[in-house]
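Q: With the sequence up front, the predicted model follows.
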Amino acid sequence: MASQSPTARIYLLLYNSINALLWLRILITVLRAYSQNLDVISLPTLYTVLEPQVRWTQTLAVAEILHAAIGLTRSPVFTTFTQIFARSVQVWAINYGFPAVTASSRAYAAMLFAWAVADAVRYSYFVVLLAGLHVPSVLRWLRYSLFIVLYPIGISAEWWLMYRAAGVTSSSLVAGIFYFCLGLYAPVFYPADKSGSIMMYSYMLRQRRKTLAK
């Protein structure tokens, strides 16, 4: 973390604690649904219960772009913006904008699982760090290793839901924008090393090597 004043540290500690609790709550709901094989808790019910929570919890993360821009954290501004913007489009333009497509798809539950696990761990890691406590090696490993599996799950689910939304929208303009975004994130129209998903995955792998090497 960047060097902060006591006030900034308290603010970031509070911010990360709130986010850790919010994502943990979402994760528990998703795990309960999976434990019942999504039968007792149907997919539409899971959508109804969690969609507003996920949308506003993810919207709260927009603050992280500002944190990076003003130097409150050391996160790269462009990388932070890319990740937050992509998720914001997902929760507002896809999940909220196309409930029929989202609510009936198991991809939505898979996406929530990947997001919730990753963010519950990530924010918890920052809470421990900001509190000045020793970060357990297990937590550090989880923070920089889970994405290897979770990121492909999450990005695949996001891609599928956007693809479905593009196929049912009555607006040619909206469909065109969605297909353009799909092309940016998948190595379809661009070389693999230029696609958004590959660039983000490569960045996270570099962070993992640098952090765990210490």
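A: Arrived safely. Everything quoted here is computed from the prediction, not taken from an experiment.
Q: how close does the residue nearest the centre of the chain get to residue 6?
A: The centroid of the chain falls nearest to residue 115 when counting by C-alpha atoms, centre = their mean (4.6 Å). According to C-beta to C-beta, to the nearest Å, residue 115 and residue 6 sit 32 Å apart. Placement of C-beta: from N, CA and C, glycine included.
Q: where does residue 142 land in three-state SS?
A: Three-state assignment for residue 142 (DSSP: H, G, I helix; E, B strand; the rest coil): helix.
Q: Just give the number of residues close to it.
A: Residues lying near residue 142 (other C-beta atoms under 10 Å) number 18.
Q: Report the contact partners of the closest residue to it other than its chain neighbours.
A: Spatially, and ignoring its direct neighbours in sequence, residue 142 is nearest to residue 121 (5.0 Å; C-beta to C-beta, 6 or more residues apart in numbering). Counting by C-beta atoms under 8 Å, 6 or more residues apart in numbering, residue 121 makes contact with 139, 142-143, 146.
Q: Tell me, what's the model's pLDDT at residue 121?
A: pLDDT recorded at residue 121 is 98.
Q: Low-confidence ranges, this structure, go.
A: 1-3, 39-40, 186-196, 214 (pLDDT under 70).
Q: Only the buried residues of stretch 74-93, if you could.
A: Neighbour counts over stretch 74-93 (16 or more other C-beta atoms under 10 Å) mark 75, 80-84, 86-91, 93 as buried.
Q: Can you show me the CA trace of it as PDB?
A: Once non-C-alpha atoms are left out, stretch 74-93 reads as follows in PDB (Å, rounded to 0.1, in the frame of the first residue of the first chain):
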ATOM      1  CA  ARG A  74      -0.300   2.400  -5.600                       C
ATOM      2  CA  SER A  75      -2.700   0.600  -7.900                       C
ATOM      3  CA  PRO A  76      -2.100   1.600 -11.600                       C
ATOM      4  CA  VAL A  77      -4.900   4.000 -12.700                       C
ATOM      5  CA  PHE A  78      -5.400   2.400 -16.100                       C
ATOM      6  CA  THR A  79      -5.600  -1.200 -14.800                       C
ATOM      7  CA  THR A  80      -7.900  -0.200 -12.000                       C
ATOM      8  CA  PHE A  81     -10.100   1.800 -14.400                       C
ATOM      9  CA  THR A  82     -10.300  -1.100 -16.900                       C
ATOM     10  CA  GLN A  83     -11.300  -3.700 -14.200                       C
ATOM     11  CA  ILE A  84     -13.800  -1.400 -12.500                       C
ATOM     12  CA  PHE A  85     -15.300  -0.100 -15.700                       C
ATOM     13  CA  ALA A  86     -15.800  -3.600 -17.100                       C
ATOM     14  CA  ARG A  87     -17.500  -4.800 -14.000                       C
ATOM     15  CA  SER A  88     -19.700  -1.700 -13.900                       C
ATOM     16  CA  VAL A  89     -20.900  -2.300 -17.400                       C
ATOM     17  CA  GLN A  90     -21.600  -5.900 -16.500                       C
ATOM     18  CA  VAL A  91     -23.800  -5.100 -13.400                       C
ATOM     19  CA  TRP A  92     -25.600  -2.100 -14.900                       C
ATOM     20  CA  ALA A  93     -25.900  -2.700 -18.700                       C
END
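Q: Perfect, I'm done here.
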